[in-house]
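Student: just a sequence and a predicted model for now, questions to come.
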Amino acid sequence: MEQEVALGQPRTGPLTGVRVADFSAIFSGPIAGAMLADQGADVIKVEAFTGDLMRKGYPQSGGMASAFTSMNRNKRGLSVNLQTPEGKAIATKLIQSADVVLENFRPGVMDRLGLGYDVFKENHPKLVYASINGVGSVGPYANRRVYDAVIQAVSGFTALRVDGKPEMVNSLICDKVTSLTAAEAIVAALFSAERTGQGQRVEISMLDAALSFLWPDTMNNFTFLDDGIEPVAPLDHSVFLHETKDGWIASMPVQEAEFFGIFRSLEMPELVDDPRFQDAAARLKHRTELRALMDAAYPTFTTADLCERFESEDVPYSRLNSRAEVIDDPQIKAMGALLNYQHPTAGRVRTPRPAAQFEQTPSNLYAHTPELGEHSAEILRELAYGQSEIDQLIEQNIVFSAFDHNDPG
């Protein structure tokens, strides 16, 4: 069943006590920031008065966009005009109070704002300054605008089909792989800073992240540089999808026993002793014949029948869930993998639980996704601004506050 989460509980994750100044927007940075927040960090999302572009996405509920809500949970919101000296002073104080800076502007933007790493590294030596960008800070593409589709094209994601036809992965996969890479890199740098007392700048490019992600299984023929290495045909992952009598099923045999279990399940026990399919080398050599036999056999069984047979043979398999069916999958329900909570303006919200489950320092949902500038006054008070100063900053359009800034609650 989906777990009902009561917000407002104390943070208990392993990063409790860490403060992150999150200047990032769109996808790659915000997801990384949300992972840190899930693990207990106090992540302060810094936005211009126009807000993160993803606030304007759809569908919407109560003025909150779905993707933005998912990517910015557990954060606090500060809206400040960084084009003004006073706004830059606020950002400077925030960074000085933080353990981590996270930003995904194009290279040089934070430096031009006077908020680059070099400004802080001497007086804040433990600062971890994480910069996400498209293709790094050098090279012919460094100054281009770069989004997920561009990185899919450069890195080879669009070349994954074995028939040579280019195709985009139907997800912002490079953004998300970069988010995972960035979150891990930030935690590694924090660990080093605790050990040595010295922080550092960390650069994470989407292109580096995508190449590292793809390389082990898609670039096999480009790994060894010596002559005489025989190339292999790229693995066609469509072999793991099979049409049944009444639908589809996925199966992915890897070990010998799993292949033999499939042969028995498909009522072809003679293939267990067939020398063409006895081991990986033989199956690779005779993959066309094996594919033809599988394609002919699967449609003679219903999906339910194959699920039962594969279960008894300990074959790795699954039905294919539609997006709607994911919500009700019995394994997802049993794990409690989906959480729901009440957002003050968006209403009921469903979201995945933090992927990493910590026994002693549990991750969880602590706070709803902030409205634009929801915590501006609160954060300014933490930065030692007096109430009259806060009122003046808001009235002068240096800071935007979503609520009555005279109310300290």
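Tutor: Great, that's in hand. Numbers count the residues shown, from 1 in each chain.
Student: and stretch 319-339, which residues are buried?
Tutor: 332, 338-339 (16 or more other CB atoms under 10 Å). The C-beta positions use only the backbone N, C-alpha and C, and glycine is treated the same way.
Student: for the record, mean pLDDT for it?
Tutor: Stretch 319-339 carries an average pLDDT of 96.
Student: leaving out sequence neighbours, find the closest residue to the residue nearest the centre of the chain.
Tutor: Closest to where the C-alpha atoms of the chain average out (CA atoms, centre = their mean) is Lys176, at 3.7 Å. In space, and not counting its chain neighbours, Lys176 is closest to Ile31: 6.2 Å by CB to CB, 6 or more residues apart in numbering.
Student: list the residues that contact that neighbour.
Tutor: 71, 175-176, 179, 183 (CB atoms under 8 Å, 6 or more residues apart in numbering).
Student: surely it forms part of a strand?
Tutor: No - with DSSP: H, G, I helix; E, B strand; the rest coil as the criterion, Ile31 is assigned helix and is not in a strand.
Student: what's the pLDDT at it?
Tutor: pLDDT at Ile31 comes out at 98.
Student: measure it to Pro354 for me?
Tutor: 12 Å (CB to CB, to the nearest Å).
Student: list the buried residues of the longest helix along the chain.
Tutor: Determined from DSSP state H, the single longest helix within the chain is helix 173-196. Residues 173-183, 185-187, 189-190, 193 are the ones in helix 173-196 that count as buried (16+ other CB under 10 Å).
Student: go on, stretch 265-274?
Tutor: 265-266, 268, 271.
Student: what's the span of it from first residue to last?
Tutor: 16 Å (CA to CA, to the nearest Å).
Student: on that earlier part again, possible to save the contacts of Ile31 as CSV with pLDDT and distance to Gly228?
Tutor: As requested, the contacts of Ile31 are arranged in CSV below (pLDDT from 0 to 100; distance: CB to CB, whole Å):
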residue, pLDDT, distance to Gly228
Met71, 97, 48
Asp175, 98, 39
Lys176, 98, 38
Ser179, 98, 40
Ala183, 98, 41
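Student: quick check, nearest of those residues to Gly87?
Tutor: The shortest approach to Gly87 among these belongs to Met71, at 23.9 Å (CB to CB).
Student: who touches that closest one in this structure?
Tutor: 27, 30-31, 34, 54.
Student: about what we covered before: including distance to Ser205, could the contacts of Ile31 go into TSV?
Tutor: Conversion of the contacts of Ile31 to TSV gives the following (distance: CB to CB, whole Å):
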residue	distance to Ser205
Met71	20
Asp175	12
Lys176	15
Ser179	13
Ala183	15
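Student: the nearest residue to Gly373 once chain neighbours are set aside bridge partners, please.
Tutor: Setting aside the residues directly before and after it, Gly373 is nearest to Ser79 in space (CB to CB, 6+ apart), at 3.4 Å. Here Ser79 shows beta-bridge partners Glu47, Phe400, assigned using DSSP bridges.
Student: what's the neighbour count on Ser79?
Tutor: Residues lying near Ser79 (other CB atoms under 10 Å) number 24.
Student: ok, Glu382 to Asp118 distance?
Tutor: Taken as CB to CB, the span from Glu382 to Asp118 is 25 Å.
Student: out of these two, which sits in the busier spot?
Tutor: Glu382 (16 against 10).
Student: dump the residue contacts of the nearest residue to the more buried one once chain neighbours are set aside.
Tutor: Leaving aside its chain neighbours, Glu382 sits nearest to Ser97 (7.4 Å; criterion: CB to CB, 6+ apart). Contacts for Ser97 (CB under 8 Å, 6+ apart) come out as 19, 21, 382-383.
Student: what subset of those residues is buried?
Tutor: 19, 21, 382.
Student: can you pull the contacts of the first one?
Tutor: Meaning Arg19. Arg19 touches 41-44, 97-100, counting by CB under 8 Å, 6+ apart.
Student: next one: it from Gly33, what distance?
Tutor: Separation of Arg19 from Gly33 (CB to CB) stands at 12 Å.
Student: list residues touching both of these two?
Tutor: With CB under 8 Å, 6+ apart, Arg19 and Gly33 have common neighbours Val43.
Student: show me where the stretch 251-400 of the chain has helices.
Tutor: Under the criterion DSSP state H, counting those that start in this stretch, the stretch 251-400 of the chain contains helices at 256-265, 280-285, 287-297, 303-313, 323-328, 330-335, 376-382, 387-395.
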